[in-house]
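**Student:** mind looking at a prediction? Sequence and model below.
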Amino acid sequence: MTTLERLTSDLTTAMKARDTFTTGTLRQIIGAVRTAEKSGSVAREFSDEEVQAVLTSEVKKRRESAQIFADAKADDRAANETAEADLIEGYLPASLSPEQVDALVVDAIASTGASGPKDMGTVMKAVQAAAAGLGRVDGKALSQKVRAALTS
């Protein structure tokens with residue numbers, strides 16, 4: 001079952017259970033995927049990886065919004081955004097642990113023969129390729145780890 005099929009199935013289940021929060025969130029997510037499919041010069045159906053990329057983007061948006069609301073002392077809205085992000089993350093592959101990311105960075109530096117910050121792009125590509133089959137990696141955190149490893 002693809003991610004989009006699972007989202008649609010869970011939407012039906014949430015509607016039958018009269019779960020307004022889940023129903024609303026899933027409708028927004030399915031709408032975001034459909035909008036992304038129609039963007040560009042030709043509408044097309046997304047692969048599962050492309051759907052997951054849209055979901056990742058939606059999680060990031062909600063996390064950023066939650067932080068903005070928390071800074072503005074709108075705690076109820078921040079909690080809602082965080083809950084939506086948590087729900088969406090349930091449809092994404094598990095994130096790699098910091099230890100796994102550290103191991104991938106060390107392996108990538110060794111395999112590419114990187115010697116300093118100028119080799120960051122090469123190392124990032126190698127780590128992202130290695131992580132692709134294992135799970136999700138936050139690009140910003142990965143970049144910080146690679147930079148720290150190359151400068152030390």
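**Tutor:** That came in fine, so what should we check first? All of these numbers come straight from a predicted model, not from anything done at the bench.

**Student:** what's in contact with stretch 89-98?
**Tutor:** Contacts to stretch 89-98, defined as C-beta atoms under 8 Å, 6 or more residues apart in numbering, come from residues 3, 6-7, 29, 52, 55-56, 59, 104, 131, 134-138. Where C-beta positions appear, they are placed from N, C-alpha and C, glycine not excepted.

**Student:** what about burial for these, which qualify?
**Tutor:** Among those, those buried by neighbour count (16 or more other C-beta atoms under 10 Å) are Thr3, Leu7, Ile29, Gln52, Leu55, Thr56, Val59, Leu104, Ala131, Arg136, Val137.

**Student:** buried stuff in the helix or strand hosting the fourth one?
**Tutor:** The one in question is Gln52. Assigned by DSSP states H and E, Gln52 falls within helix 48-71. Residues of helix 48-71 classed as buried under the neighbour-count rule (16+ other C-beta under 10 Å) are 50-52, 54-56, 58-59, 62-63, 65-66, 69.

**Student:** closest to Ile109 out of these?
**Tutor:** Checking the buried residues of helix 48-71 against Ile109 with C-beta to C-beta, the nearest one is Thr56 at 25.5 Å.

**Student:** and for that closest one, nearest residue in space, chain neighbours not counted?
**Tutor:** Leu92 (6.4 Å; C-beta to C-beta, 6 or more residues apart in numbering).

**Student:** what ranges do the helices span in this protein?
**Tutor:** 3-16, 20-38, 48-71, 75-89, 98-112, 120-132, 139-151 (DSSP state H).

**Student:** got a markdown table for these, with mean pLDDT too?
**Tutor:** Listed next are those as a markdown table, based on pLDDT from 0 to 100:
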| stretch | mean pLDDT |
| --- | --- |
| helix 3-16 | 95 |
| helix 20-38 | 95 |
| helix 48-71 | 93 |
| helix 75-89 | 95 |
| helix 98-112 | 86 |
| helix 120-132 | 84 |
| helix 139-151 | 85 |
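
**Student:** okay if I get the buried residues of helix 48-71 as CSV plus distance to Ala83?
**Tutor:** Below are the buried residues of helix 48-71 laid out as CSV (distance: C-beta to C-beta, whole Å):
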residue, distance to Ala83
Glu50, 25
Val51, 21
Gln52, 20
Val54, 19
Leu55, 15
Thr56, 17
Glu58, 13
Val59, 12
Arg62, 9
Arg63, 12
Ser65, 12
Ala66, 9
Phe69, 12
